[in-house]
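Undergrad: 3D, please:
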Amino acid sequence: MHTTTADGFGDSDVLVVGYGPVGQTLSILLARHGHRVVVVERWPTAYTMPRAVNFDSESARILAAAGIGARIPSFSEPSGTYEWVNAEGLSLLRIEASRQGRCGWPDSTAMYQPGLEAALAARGAELPSLTVLRGHEAVGLTATDSGCELLVRPTGRHDDEVPPLALTARWIVGCDGANSFVRDRMGTAQTDLGFSHDWLICDVAEREPRVHEPNNLQVCDPARPRTHVSAGPGHRRWEFMRVPGETVEELNTAERAWELLGEQGVTPDDAVLERHAVYTFNARYADRWRAGRLLLAGDSAHLMPPFAAQGMCSGFRDAANLAWKLDLVLTGRASEALLDSYTVERRQHVQHAITMSVNLGHVICQDDPRAAAERDASMLAARERGVGGGRPQGAVQPLKDGLLYRRAAGRAPRRPAGDLVPQGRVSRDGRTGYFDEVVGLGFVLLTADDPDTLLGDAERAVLDRLRARVVRVLPADGGEPGPGQVTDTDGVYLRYLAESRTRTLLVRPDFYVFGAAAGREELAAVIGQLRDGIGVLEPAAG
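TA: Below you'll find the predicted structure:
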């Protein structure tokens with residue numbers, strides 16, 4: 001087969017296949033460090049229909065790290081109340097989802113996905129080392145110990161019409177969705193949890209803004225479970241489960257969509273039906289997310305039902321985890337073996353999120369009237385006891401394995417190692433804002449003590465090689481912060497240190513705690529273990 005070299009793109013550091021939200025975020029997180037990133041996207045223009053409709057506090061923090069924090073309000077709104085009711089309208093569960101979350105942003109934010117993708121695309125266009133090749137699809141892939149070659153062709157063109165272009169890169173990441181080309185070439189098996197339900201998805205744009213109370217509603221009606229949620233400013237999402245005796249073909253028509261919407265009081269007079277489609281909600285994940293120089297992220301690595309709103313959020317976590325590790329490897333500061341921790345860490349998070357989503361799905365998708373009545377009675381009794389309200393249950397648990405500090409070889413990490421570190425507001429130099437904005441991104445050594453009393457030359461050398469920021473946190477009444485210090489404006493950090501019974505934290509660039517130390521000796525052990533775990537490489541001579 002004749003091929004053409006894509007001279008205009010050159011050899012890239014990372015070639016990303018797929019430019020949805022996960023591919024966009026990963027590309028930006030890499031390109032902001034100056035890495036040469038080329039993206040291949042099969043669609044010639046951005047897809048204009050919504051898919052995901054929600055992201056959580058950690059995802060907002062990752063999006064802010066990608067540089068679009070100030071743009072988030074333009075395509076989103078607070079999720080507000082999320083309520084489950086039974087067929088009779090009795091409240092089974094009520095959650096306030098817009099409170100400030102662990103990462104400073106709301107627990108839950110409703111968003112319009114085309115707006116999110118437009119904001120990410122605009123941010124990507126600001127980065128000179130990021131190139132996007134739209135309207136091309138992957139048709140061939142080879143990988144060796146030293147690099148990769150991806151063959152691409154204009155989408156839909158046959159082999160005898162145009163020769164494929166050959167793109168080369170040091171690494172290839174498949175962010176190319178459920179039917180991933182990259183995953184297929186990796187040959188990785190997938191674990192399927194056996195969950196499968198068909199739902200009709202109806203996205204509508206309101207002709208006039210309306211107040212919805214609750215803003216998000218789950219109707220647990222065995223006759224037809226259904227969902228009604230915000231899809232960002234001016235947009236709503238309705239979902240209707242396919243019931244026994246009904247075919248996908250019967251359900252997936254505009255006429256049937258309007259019939260079902262009409263039963264909920266939505267008509268063409270007050271809304272525009274932007275899209276209707278039947279989706280099969282599945283639950284599965286790839287067993288391996290890395291094979292040599294090939295990696296997976298997002299839907300190519302995992303699929304889950306939408307009931308915990310963690311599909312896209314899990315993809316953002318993939319991007320945040322992978323980006324800092326690739327950055328260290330690409331800059332010669334870490335061994336390629338560091339990337340082996342990617343599958344270990346992300347798969348355990350995804351397994352929990354999928355299990356949680358499936359468990360919620362079994363409750364929501366119940367179409368047996370007797371079983372539904374038993375469910376209702378149990379949940380109503382729980383509400384009487386004060387259970388079934390408050391804040392959303394966390395879909396993400398602390399890391400339990402991977403690149404984390406262990407106090408002894410062979411022992412499991414002990415918290416706060418593996419925790420997602422909270423984010424609050426801090427102040428210095430007359431500026432108050434989120435920690436990430438004021439201090440910056442990357443590795444952070446966060447301490448309530450004087451760093452000069454904690455760090456020896458060897459430890460400082462490792463932190464310098466990792467470009468870590470050393471930050472002392474002062475109480476709100478601790479006076480004006482000096483160099484390397486911040487005031488803990490909201491008290492988040494000193495409170496977290498106290499709750500963790502520690503004085504110092506070493507935090508990874510993806511906001512997870514590597515390890516904690518009570519004093520100088522233990523901190524030396526923590527930093528030494530990070531050095532060895534990453535395989536920190538010394539600068540090349542000369």
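
Undergrad: what distance do you get for the most centrally placed residue in the chain to residue 23?
TA: When the chain is reduced to its mean C-alpha position, the nearest residue by C-alpha atoms, centre = their mean turns out to be residue 316, at 2.2 Å. According to C-beta to C-beta, to the nearest Å, residue 316 stands 11 Å off from residue 23. C-beta here means a position set from N, CA and C on the backbone, and glycine is covered the same way.

Undergrad: quick one on the thing from earlier: tell me the contacts of the residue nearest to the centre of the chain?
TA: Counting by C-beta atoms under 8 Å, 6 or more residues apart in numbering, residue 316 touches 21, 22, 25, 55, 58, 59, 62, 63.

Undergrad: and of those residues, the nearest to residue 376?
TA: Proximity of the contacts of residue 316 to residue 376 (C-beta to C-beta) peaks at residue 55, which lies at 30.3 Å.

Undergrad: direction included, what does the helix or strand hosting that closest one pair up with?
TA: Under the criterion DSSP states H and E, the helix or strand holding residue 55 is strand 54-56. Using DSSP bridges, the strands paired with strand 54-56 in its sheet are strand 108-111 (antiparallel).

Undergrad: which strands and helices sit next to the following helix or strand past the partner strand?
TA: From strand 108-111 onward toward the C-terminus, using DSSP H and E, the following helix or strand is helix 113-125. In this structure, helix 113-125 makes packing contacts with helix 21-31, strand 130-134, judged by 3 or more C-beta pairs under 8 Å, 6 or more residues apart in numbering; DSSP states H and E.

Undergrad: might you list the low-confidence residue ranges for this protein?
TA: Residues of the chain that meet the criterion pLDDT under 70 lie in 1-9, 388-396, 539-542.

Undergrad: quick one: the helices in it?
TA: Counting by DSSP state H, residue ranges of the helices within the chain are 21-31, 57-65, 113-125, 181-186, 248-251, 254-263, 311-330, 340-364, 369-384, 435-439, 457-465, 492-499, 520-534.

Undergrad: so which of those helices is the most packed in?
TA: Using mean count of other C-beta atoms under 10 Å, the stretch among those with the greatest mean number of neighbours is helix 21-31 (a mean of 28).

Undergrad: using CSV, write down the CA coordinates of that one.
TA: As requested, the backbone C-alpha atoms of helix 21-31 are provided in CSV (Å, rounded to 0.1, in the frame of the first residue of the first chain):
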residue,chain,number,x,y,z
PRO,A,21,-13.7,16.3,25.7
VAL,A,22,-11.2,13.8,27.0
GLY,A,23,-8.9,14.0,23.9
GLN,A,24,-9.1,17.8,24.0
THR,A,25,-8.2,17.9,27.7
LEU,A,26,-5.3,15.5,27.4
SER,A,27,-3.9,17.4,24.4
ILE,A,28,-4.1,20.7,26.2
LEU,A,29,-2.6,19.4,29.4
LEU,A,30,0.4,18.1,27.3
ALA,A,31,0.7,21.1,24.9
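
Undergrad: for that helix, packing partners?
TA: Right, helix 21-31 is packed against strand 11-17, strand 37-41, helix 57-65, helix 113-125, strand 130-134, helix 311-330 by 3+ C-beta pairs under 8 Å, 6+ apart.

Undergrad: and of those, who's closest to residue 485?
TA: For the helices and strands packed on helix 21-31, proximity to residue 485 was assessed by C-beta to C-beta; helix 57-65 is nearest, at 22.5 Å.

Undergrad: any idea how far residue 417 is from residue 216?
TA: Distance from residue 417 to residue 216, by C-beta to C-beta: 35 Å.

Undergrad: residue 241 too?
TA: With distances defined as C-beta to C-beta, the gap from residue 241 to residue 216 amounts to 17 Å.

Undergrad: kindly report the same for residue 314.
TA: Separation of residue 314 from residue 216 (C-beta to C-beta): 20 Å.

Undergrad: quick one, which of the helices of the chain is nearest to residue 422?
TA: Residue 422 lies closest to helix 492-499 among these, at 5.3 Å (C-beta to C-beta).

Undergrad: centre of the chain versus that closest one, how much separation?
TA: For helix 492-499, the distance between its averaged C-alpha position and the chain's averaged C-alpha position is 25 Å (C-alpha atoms, centre = their mean, to the nearest Å).

Undergrad: ok, now stretch 130-137?
TA: Here stretch 130-137 shows a centroid-to-chain-centroid distance of 22 Å under the convention C-alpha atoms, centre = their mean.

Undergrad: only alpha carbons, please: show that stretch as PDB.
TA: What follows is the C-alpha trace of stretch 130-137 in PDB, where atoms were taken according to Å, rounded to 0.1, in the frame of the first residue of the first chain:
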ATOM      1  CA  LEU A 130      -1.000  21.500  19.400                       C
ATOM      2  CA  THR A 131      -2.200  20.600  15.900                       C
ATOM      3  CA  VAL A 132      -5.600  19.100  15.100                       C
ATOM      4  CA  LEU A 133      -6.100  17.200  11.900                       C
ATOM      5  CA  ARG A 134      -9.900  17.000  11.400                       C
ATOM      6  CA  GLY A 135     -11.800  14.900   8.900                       C
ATOM      7  CA  HIS A 136      -9.300  12.000   9.000                       C
ATOM      8  CA  GLU A 137      -9.600   8.500  10.500                       C
END
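
Undergrad: buried residues in it?
TA: By neighbour count with 16 or more other C-beta atoms under 10 Å, stretch 130-137 contains the buried residues 130, 131, 132, 133, 135, 136, 137.

Undergrad: again, but for stretch 196-211
TA: Buried residues in stretch 196-211, counting neighbours by 16+ other C-beta under 10 Å, are found at 197, 198, 199, 200, 201, 202, 203, 204, 205.

Undergrad: the last one and residue 270 touch, don't they?
TA: It stands for residue 205. No - Residue 205 is beyond contact range of residue 270, at 10.3 Å (criterion: C-beta atoms under 8 Å).

Undergrad: so which of the helices and strands packed on helix 113-125 is nearest residue 439?
TA: Of the helices and strands packed on helix 113-125, the one closest to residue 439 (C-beta to C-beta) turns out to be helix 21-31, at 17.5 Å.

Undergrad: re earlier: residue 235 is nearest to which of the helices of the chain?
TA: Ranking the helices of the chain by proximity to residue 235 (C-beta to C-beta) places helix 113-125 first, at 9.3 Å.

Undergrad: so residue 243 sits against residue 221, correct?
TA: No - Residue 243 is not in contact with residue 221 according to C-beta under 8 Å; the separation is 10.1 Å.

Undergrad: looking at those two, which is more packed in?
TA: For residue 243 versus residue 221, the count of surrounding residues by other C-beta atoms under 10 Å is larger for residue 221: 18 against 13.

Undergrad: look up how far residue 318 lies from that one.
TA: Separation of residue 221 from residue 318 (C-beta to C-beta) stands at 35 Å.

Undergrad: what of residue 484?
TA: 32 Å.

Undergrad: picking up where we left off before, switch the helices and strands packed on helix 113-125 over to JSON lines; also include distance to residue 39.
TA: Formatted as JSON lines, the helices and strands packed on helix 113-125 follow (distance: least, C-beta to C-beta, whole Å):
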{"stretch": "helix 21-31", "distance to residue 39": "5"}
{"stretch": "strand 130-134", "distance to residue 39": "5"}
